[in-house]
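# Output the structure for:
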Amino acid sequence: MLDPRMEQAINEQINREMWSGYIYLSMATWFDDLGLKGFSHWMRVQHKEEETHSLMMLGYVSEAGGRVLLAPIAAVDTEWSSPLAAFQEVLEHELKVSAWISELVDLALELKDHSTNAFLQWFVTEQVEEVSTAKGLVDTLKFVDGNPHSVLMLDRELGARAFTLPAPAAALGVL
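Numbering: from 1, shown residues only. A predicted model of the protein is given here:
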């Protein structure tokens, strides 16, 4: 049985993960409007990842004897000044998500909730990858400095991204 504080904290993170997905879906539609289908595709894959993260947490809470309580999802931005600005927001957001995951781990350790701590370690590792990827894309976009040919090449590269269902999600049967 989950401690009520842990249950509430994971429920909050479920909402944050859904909100994260909503941010990326909004960015995808903005990139669609610009005609950057590869950038849009990358954001749609990111949306799917965040949705999967929320479903993994939802499945864990249920499996651990807790109750999932869904909350409204906050509004998100719908406009960015440039692809670089959008990816700078991605990086800032992923750093924020990393901090939230660390807070969950800290609470699990405080409560001596070893099961939840073990479950959360996948997310800790995942966030290292998320931040690294976002930083790399920000660095690349800064380097190309809005050069249309380079942005179009990057668009093709981002369009090749594929979603991979994480093993923990398959184990929880979330999809």
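# Just the element for the residue located most distally from the centre of the chain, please.
Of all residues in the chain, residue 149 sits farthest from the chain's C-alpha centroid, using Cα atoms, centre = their mean; the distance is 28.7 Å. Residue 149 belongs to helix 148-158 when elements are defined using DSSP states H and E.
# I'd like the average pLDDT over that helix.
pLDDT averaged over helix 148-158 equals 92, rounded to a whole number.
# Of all the residues in that helix, which ones are buried?
151, 154, 155, 158 (16 or more other Cβ atoms under 10 Å). Every C-beta, even on glycine, is put in place using the N, C-alpha and C of the backbone.
# Including distance to residue 141, could the residues you listed go into TSV?
Rendered in TSV, the data for the buried residues of helix 148-158 read as follows (distance: Cβ to Cβ, whole Å):
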residue	distance to residue 141
151	8
154	7
155	11
158	11
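# List just the nearest of those to residue 44.
Top of the list for closeness to residue 44, among the buried residues of helix 148-158 and by Cβ to Cβ, is residue 158 at 10.5 Å.
# Spatially, and excluding backbone neighbours, which residue is closest to the most centrally placed residue in the chain.
Averaging the C-alpha coordinates of the chain gives a centre point, and the residue nearest to it by Cα atoms, centre = their mean is residue 50 (4.1 Å). Of all residues not flanking residue 50 in the chain, residue 21 sits nearest, at 3.5 Å (Cβ to Cβ, 6 or more residues apart in numbering).
# and the angle from the host helix or strand of the one you found to helix 148-158?
Under DSSP H and E, the secondary-structure element containing residue 21 is helix 4-34. In this structure, helix 4-34 runs at an angle of 130 degrees to helix 148-158, with axes from the mean of the first three to the mean of the last three Cα atoms, to 10 degrees as the basis.
# State the next helix or strand along the chain beyond helix 4-34.
Next element after helix 4-34 (DSSP H and E): helix 37-63.
# can you list the weak-confidence ranges in this protein?
For the chain, applying pLDDT under 70 flags the ranges 174-175.
# 80 instead?
Along the chain, the model assigns pLDDT under 80 to residues 146, 170-175.
# Contacts only, for residue 9.
Residue 9 makes contact with 103, 104, 107 under the criterion Cβ atoms under 8 Å, 6 or more residues apart in numbering.
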